[in-house]
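Chemist: Sequence first, then the predicted structure:
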There are 2 protein chains.
Amino acid sequence: MILRTHYSGQISADMDGKEVMLAGFAHEIRDLGGIAFLVLRDREGMAQITLVKKLLGKDVFKMARSISRESVVMVRGNVKAEAKAPRGYEILPTEIQVLSAAQVPLPLDPTEKVECELDTRLDSRFMDIRRPCVLAAFEIESAVLCSLRDYFHKKGIVEVFTPKIVAAATEGGTDLFPISYFEKEAFLNQSPQLYKQMLMGAGMDRVYEIGPIFRAEEHDTRRHLNEAISIDLEVSFADDKDVMEILEEAVAGAYSYVADNCRRQLEVLNMELEVPRLPFKRITYTRALELAEEKAGARMQWGDDLDTETERFLGESIGEHYFLIDWPSSIKPYYTLPYEDKPEICRGFDLMHPRMELASGAQRVHDYSLLVERIKEKGLDPDGFEFYLRAFRYGMPPHAGWGLGLSRLVMTMLNLENIRDAVIFPRDRRRLVP
Amino acid sequence: MILRTHYSGQISADMDGKEVMLAGFAHEIRDLGGIAFLVLRDREGMAQITLVKKLLGKDVFKMARSISRESVVMVRGNVKAEAKAPRGYEILPTEIQVLSAAQVPLPLDPTEKVECELDTRLDSRFMDIRRPCVLAAFEIESAVLCSLRDYFHKKGIVEVFTPKIVAAATEGGTDLFPISYFEKEAFLNQSPQLYKQMLMGAGMDRVYEIGPIFRAEEHDTRRHLNEAISIDLEVSFADDKDVMEILEEAVAGAYSYVADNCRRQLEVLNMELEVPRLPFKRITYTRALELAEEKAGARMQWGDDLDTETERFLGESIGEHYFLIDWPSSIKPYYTLPYEDKPEICRGFDLMHPRMELASGAQRVHDYSLLVERIKEKGLDPDGFEFYLRAFRYGMPPHAGWGLGLSRLVMTMLNLENIRDAVIFPRDRRRLVP
């Protein structure tokens, strides 16, 4: 079925005289009497279809100018160079078909002249995404994925899928969504952490997974959702430093890929992308605490997790991506490796954007006895982790890895206000539809 | 942390004299008295480490030859060309470190000399994957993904993620896993079908998603699982024929990518891959029924779904991939478009491998009224689909798409017996761990 030979963006004035077929949405119709303009919008942009009564005949002209906004149309016609038209060309149609007429009124206006509430937008997401600036963010997200996968592939990192239905929690029993799994109790997985570590024991050596994670936290913020896409990496015979390098290269690489390959989308978003410089700064947790105390008068105890205010202060004063390293062992999960000579701090790290945390990772504990001990220290029962611990008893390579939030990466890259702007159909405490 | 300079497969005899570091598992130790051989296995193969008592000294030699099988070791040493060694080289070590000692006895034997039950293998999957033939299948799966994504990217198809936690069933209320989602009832999504169609209404034009789907079916077969990875595609302004072409190119492309890029893995699996010829045969449902009746004496009514026996007969007599097309509208889902001039058959298709169904797709109903009618015909209540139907009222491009099972593709490509051989941690009615 051929309803389109070109996207609007593939046509230019130098194709003058060529016959083309365009298909898309009726973005706007301006009726000037004996002449009318139909602006056809497709994924790549807009094309001006010039309707001339004398050329089209009375009936077709009448039909065409009465097309309701956002209807789906196919236009066959000839390209004509026209300096006054938006992209230097117009189409003189020979055939116009309405493939699907839009009802009136529209649930929201995709011409972006009217601002509207996030909830209204999400309720009618199918209409919201027709706005070029909304679509552009999701196209850029796809490009980010493309860049990350290319980079992983070049590094010999194998793509895997691990189960989302699991019997046990990654970090104890909180914040899980329970499922009825036949006669058993099961949960939605919070993180592929334990599975990707088992794959190191399996000799898969370097793996990544991009897939959904589920957290039943009752937060209601601009940067948390209950279902999210996590980019997870795990590498054998590597330490925290090695995977931090992979992480910063992956992130900077994604910026640079988007800068090179998404010029049109960046233009739609009216932004220039600055590629972050490598290497990212490394700041120890202890130093971060001192800075916050000296300069911002923060009152935190060594061993506290950094509060939002301190994060904001650090972000503002550093002004670019940075790593927070050498965290207290007490606030990082049991699978984080403590320094041998100073076990109160550990080889865990967070990758921070000035606005928020993007990723978190570590060199992992690979020694069986130490792992059991760490699980107990966290007040958890090693028996509940037997399926995982077994993989540490028969030869486990030292390994390190991280998890990076896809939507946070895109949200900070494009300076989006709300994480819901980086997720097509977000899931939060209140939203389960569409 | 540098524990490895080369994988075993990156070393060859012409590197004679070069110092290298290898890291991996102690696959085997053969002790011949004053000389011993340690076979080190990593993701890329095996390397022979030759331990000479006189060169290593008594203590290191004693330690090295007592390393338990499957322990994780690092070996630094010099490459020596040695025609009698398996890959034409051996390593004369100068340093050997045991990074993680394996307990004895092992839960299963990764040297593949002993066959064992699938359940035992899955219980100790971390050990099972150390067997090169098991690992090879998962490496090939990663290559298949790479090929598919490259192909989609070249076709301008955007990668998306749709939610796995949903409020409604794709095809009515059966076979769903229920979740407690805060105070609401929710389900795990059976298929991204409705979401990818809504994205056509959103003007995303061509999208794909590779992610988990969940079906609470109580089957217990070699080709069904309750959690699976589905490769989903949807394309606007396309019909069934267009997306069948995309599908056959994607599948044949994956074969040819694997044939070119996974020679080592195919060797491990001891197989040669035949790339399927394009185009795949198209056989109508009606013709398939006739063939089965004429040649195999099958007794089926027009309108019945094809039974396993008929599928097997067709597979055997055709002997290669084929499309089954023009299905009765009554046995395809409501979103499948009936032929306008013959509404008892529809534009649905299945992609068949001689052994089983791989994919299923269709041109979709894009007309709002027809869609409502079809939902009612299937005995479903359109009110339950309001979140989806809304996207059809304000301009919906004609569109078509398909869903392809990743594990079935890999299973049939590599001639694996059981779908569990193509899934790292399978989920079925009985298995929720590891």
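Modeler: Received the coordinates, thanks.

Chemist: Name the nearest residue to residue A:15, ignoring sequence neighbours.
Modeler: Computed as C-beta to C-beta, 6 or more residues apart in numbering or on different chains, the closest residue to residue A:15 that is not its neighbour in sequence is residue A:79, at 4.5 Å. For every residue, glycine as well, the C-beta is placed using N, CA and C.

Chemist: I'd guessed residue A:367 sits against residue B:99; true?
Modeler: No. Taking contacts as C-beta atoms under 8 Å, residue A:367 lies outside contact range of residue B:99: 9.6 Å.

Chemist: my guess is residue A:426 meets residue A:224, correct?
Modeler: No. Between residue A:426 and residue A:224 there is no contact under C-beta under 8 Å: 10.3 Å.

Chemist: what do these two both touch?
Modeler: residue A:419 (C-beta atoms under 8 Å, 6 or more residues apart in numbering or on different chains).

Chemist: Now the residue nearest to residue A:15: which helix or strand?
Modeler: strand A:72-81 (DSSP states H and E).

Chemist: and that strand, which residues are buried?
Modeler: Within strand A:72-81, the residues scored as buried using 16 or more other C-beta atoms under 10 Å in any protein chain shown are A:72, A:73, A:74, A:75, A:76, A:77, A:79, A:80.

Chemist: Save those residues as JSON lines, and put in pLDDT too.
Modeler: Listed next are these as JSON lines, based on pLDDT from 0 to 100:
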{"residue": "A:72", "pLDDT": "98"}
{"residue": "A:73", "pLDDT": "98"}
{"residue": "A:74", "pLDDT": "98"}
{"residue": "A:75", "pLDDT": "98"}
{"residue": "A:76", "pLDDT": "97"}
{"residue": "A:77", "pLDDT": "97"}
{"residue": "A:79", "pLDDT": "98"}
{"residue": "A:80", "pLDDT": "97"}
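
Chemist: how about residue A:55, what does it touch?
Modeler: residue A:92.

Chemist: That should have said residue A:305, apologies.
Modeler: residue A:331.

Chemist: Can you pull the phi and psi angles for it?
Modeler: phi -70, psi 150 (degrees, to the nearest 10).

Chemist: same question, residue A:144
Modeler: The phi/psi pair for residue A:144 (degrees, to the nearest 10) is phi -60, psi -50.

Chemist: Then residue A:23?
Modeler: phi -140, psi 140.

Chemist: Not counting sequence-adjacent ones, nearest residue to it?
Modeler: residue A:4 (4.1 Å).

Chemist: does the one you found sit in a helix, a strand or a coil?
Modeler: What DSSP: H, G, I helix; E, B strand; the rest coil gives for residue A:4 is coil.

Chemist: more neighbours, residue A:426 and residue A:224?
Modeler: residue A:426 (20 against 17; other C-beta atoms under 10 Å in any protein chain shown).

Chemist: so what's that one up against?
Modeler: A:122, A:225, A:227, A:419, A:420, B:163.

Chemist: That one and residue A:390, how far apart?
Modeler: 37 Å (C-beta to C-beta, to the nearest Å).

Chemist: just residue A:122 next, same as before
Modeler: Counting by C-beta to C-beta - residue A:122 and residue A:390 are separated by 44 Å.

Chemist: Ok, residue A:221 next?
Modeler: 38 Å.

Chemist: Those two: who's more crowded?
Modeler: For the pair residue A:221 and residue A:390, the greater number of neighbours falls to residue A:390 (20 against 12), based on other C-beta under 10 Å.

Chemist: Can I take it that the more buried one is in a helix?
Modeler: Yes. Under three-state DSSP, residue A:390 sits within a helix.

Chemist: Check which helix or strand the residue in chain A sticking out farthest from the centre maps to.
Modeler: The centre of chain A is farthest from one residue, residue A:54, which by C-alpha atoms, centre = their mean lies 49.6 Å away. Using DSSP H and E, residue A:54 sits within helix A:53-56.

Chemist: how far is that helix from where the chain is centred?
Modeler: The chain centre lies 47 Å from the centre of helix A:53-56; the measure is C-alpha atoms, centre = their mean, to the nearest Å.

Chemist: Can you give me the buried ones in the helix or strand just after it?
Modeler: Per DSSP H and E, the first helix or strand lying C-terminal to helix A:53-56 is helix A:58-65. For helix A:58-65, burial by neighbour count (16+ other C-beta under 10 Å) applies to A:60, A:61, A:64, A:65.

Chemist: Up against chain B, what does the stretch 251-400 of chain A have?
Modeler: The stretch 251-400 of chain A has residues A:366-367, A:387-388, A:390-398 near chain B, with proximity defined as C-beta under 8 Å from any C-beta of the partner chain.

Chemist: ok, so of these, who is nearest residue B:168?
Modeler: residue A:387 (33.3 Å; C-beta to C-beta).

Chemist: what sits against that closest one?
Modeler: A:167, A:168, B:433, B:434 are the contacts of residue A:387 under C-beta under 8 Å, 6+ apart.

Chemist: One more pass at 10 Å, please.
Modeler: A:166-168, A:194-195, A:198, B:123, B:125-126, B:425, B:432-434 (C-beta atoms under 10 Å, 6 or more residues apart in numbering or on different chains).
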